[in-house]
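>>> how would this look folded up:
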Amino acid sequence: MSDIAGNILSLKSQLPAHVTLIAVSKGRSLPEILDAHNAGQEDFGENRVQELSDKRSALPDTIRWHLIGHLQTNKVKYAAPFVFMIHSVDSLKLLRVIDGEALKNSRIIRCLLQLHIAREETKFGFSMDEVRIMMESGEIESMHNIQLNGIMGMATFTDDEAVVRGEFRYLRECFSEIRTRYQKGNPDCNVISAGMSGEYNIAIEEGSSMVRIGTGIFGERNK
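Numbering: from 1, shown residues only. Sure, this is the predicted structure:
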């Protein structure tokens with residue numbers, strides 16, 4: 001058994017049954033991804049549309065591809081024909097474009113709203129006030145080719161566990177408000193995507209149901 005396959009099996013044995021593992025394959029080779037897939041991993045996350053498209057054309061159709069990086073509106077058309085879920089919806093404008101491109105491809109695309117929960121201003125995402133305004137406008141209900149599945153968040157890059165835990169807890173509180181106040185009739189709104197290799201246990205403790213792990217599966221990237 002390879003190290004990658006062993007890491008996959010070890011992680012899956014530790015994760016609660018309700019938590020989905022996303023293998024972050026950005027910068028990883030086709031053999032590495034295939035190794036993980038052959039070990040039973042179905043969900044893979046990529047940051048860039050071009051890399052995602054290239055890998056998708058060279059790997060088995062049974063892989064579910066998740067777009068987890070910042071997405072520009074002019075790139076949506078390249079991912080719309082096949083992407084399984086977009087985690088990084090950070091504006092109403094982007095959501096409209098995804099809806100339109102999904103319609104052109106006769107698809108319904110699963111989407112997560114990315115919330116800005118970190119201290120770093122460089123990270124993308126809605127504020128909760130922006131989410132409230134968007135939800136109250138009723139525009140999401142008029143989009144028939146997107147499926148709102150929940151939210152995504154990225155914590156501050158820090159060794160301070162209290163900061164990270166507090167941010168994930170806030171994300172869970174935001175999810176609870178969105179679900180109970182605005183998406184009560186949407187049973188598919190059930191995902192909190194949060195937690196990476198160094199922090200996923202904290203994220204799960206604070207309510208995450210989808211973790212995005214790269215180094216913990218594939219090891220450190222070659223510089």
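
>>> Surely Cys111 and Ile151 touch.
No. Counting by CB atoms under 8 Å, Cys111 stays clear of Ile151, with 10.0 Å between them. The way it works is simple: take the backbone N, C-alpha and C, and place the C-beta from them, glycine included.

>>> so for stretch 124-133, what's the average pLDDT?
Across stretch 124-133, pLDDT averages out at 95.

>>> buried stuff in that stretch?
Phe124, Gly125, Phe126, Met128, Glu130, Val131, Arg132 (16 or more other CB atoms under 10 Å).

>>> Adding secondary structure, write these out as a markdown table.
Below are the buried residues of stretch 124-133 laid out as a markdown table (DSSP: H, G, I helix; E, B strand; the rest coil):
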| residue | secondary structure |
| --- | --- |
| Phe124 | coil |
| Gly125 | coil |
| Phe126 | strand |
| Met128 | helix |
| Glu130 | helix |
| Val131 | helix |
| Arg132 | helix |
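
>>> roughly how far apart are the nearest residue to Ser208 once chain neighbours are set aside and Asn74?
Nearest-residue entry for Ser208: Ala194, 4.2 Å, with adjacent residues in sequence omitted and distances by CB to CB, 6 or more residues apart in numbering. Relative to Asn74, Ala194 is positioned 28 Å away (CB to CB, to the nearest Å).

>>> Kindly report the same for Asp43.
26 Å.

>>> mind checking the SS state of the residue nearest the centre of the chain?
Centroid-nearest residue in the chain: His87, 3.5 Å away (criterion: CA atoms, centre = their mean). Under three-state DSSP, the three-state class of His87 is strand.

>>> Okay then, goodbye and thanks.
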